[in-house]
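Peer 1: Using only what follows, build the 3D model:
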Amino acid sequence: MRDKANGVVDKESAADKQSAGDEGLIKAQEKIAVLRCETVSEVCAGAGCFKAFNARRLHFASTPKDAELIGFFTCGGCSGRRVSRLVKSLQKSGLTTIHLSSCMLMAVEYPRCPHLAEIKETISKLGIKIVEGTHH
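Peer 2: Okay, here's the model as predicted:
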């Protein structure tokens, strides 16, 4: 592209940038996933988690504006059998942080996750930051 004012030619055209895909874009520094309870997912679509993330409220209050939500998944049922596999998959997309959903942590309408300690240990061993809570 040509800068008419200075006569400078940018060797990387818009077409080059387009063909490079994401390489020309600024990448989010923080990439987040929300881990939620399989049982609760039967009655909860996750709207509260998404609203809190989008508004950067409650447990997402310190989340940078450029952070991306790249995953929203369930544990796979008690014992959390799916966690390790899905976290490893999300790491390929740059996962940095997992928020444990409020439904896993609170004993209000459903019991607190009985496998929370093991799930947290699994995530920690993979080097991912853990934040407890989403929208409560």
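Peer 1: Does Leu58 touch Gly133 like I think?
Peer 2: Yes - with contact defined as C-beta atoms under 8 Å, Leu58 reaches Gly133; the gap is 6.9 Å. C-beta: built from backbone N, CA, C; applies to glycine.
Peer 1: So which residues of the chain form strands?
Peer 2: For the chain, applying DSSP state E gives strands covering 2-3, 8-9, 31-36, 68-74, 97-100, 129-132.
Peer 1: Listing partners with orientation, what would you give for the last one?
Peer 2: Read that as strand 129-132. According to DSSP bridges, strand 129-132 has the following sheet partners: strand 97-100 (parallel).
Peer 1: Output the strand it pairs with in CSV with nothing but the alpha carbons.
Peer 2: Provided in CSV are the C-alpha atoms of strand 97-100 (Å, rounded to 0.1, in the frame of the first residue of the first chain):
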residue,chain,number,x,y,z
THR,A,97,-7.3,-19.3,32.5
ILE,A,98,-10.2,-21.5,33.6
HIS,A,99,-13.1,-20.2,35.6
LEU,A,100,-14.8,-22.8,37.7
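Peer 1: Would you convert the strands of the chain into JSON lines that also reports mean pLDDT?
Peer 2: Shown next, in JSON lines, are the strands of the chain (pLDDT from 0 to 100):
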{"stretch": "strand 2-3", "mean pLDDT": "48"}
{"stretch": "strand 8-9", "mean pLDDT": "48"}
{"stretch": "strand 31-36", "mean pLDDT": "98"}
{"stretch": "strand 68-74", "mean pLDDT": "97"}
{"stretch": "strand 97-100", "mean pLDDT": "98"}
{"stretch": "strand 129-132", "mean pLDDT": "98"}
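Peer 1: All the helices of this protein, residue numbers only.
Peer 2: 14-19, 47-55, 83-91, 102-105, 116-125 (DSSP state H).
Peer 1: Kindly export the third one (C-alpha atoms) in PDB.
Peer 2: Output for helix 83-91, consisting of C-alpha atoms alone and laid out as PDB, is shown next (Å, rounded to 0.1, in the frame of the first residue of the first chain):
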ATOM      1  CA  VAL A  83     -11.500 -32.200  32.200                       C
ATOM      2  CA  SER A  84      -8.000 -33.200  31.400                       C
ATOM      3  CA  ARG A  85      -8.700 -34.000  27.800                       C
ATOM      4  CA  LEU A  86     -10.600 -30.800  27.000                       C
ATOM      5  CA  VAL A  87      -8.100 -28.600  28.800                       C
ATOM      6  CA  LYS A  88      -5.300 -30.100  26.700                       C
ATOM      7  CA  SER A  89      -7.400 -29.500  23.600                       C
ATOM      8  CA  LEU A  90      -8.000 -25.800  24.600                       C
ATOM      9  CA  GLN A  91      -4.300 -25.300  25.400                       C
END
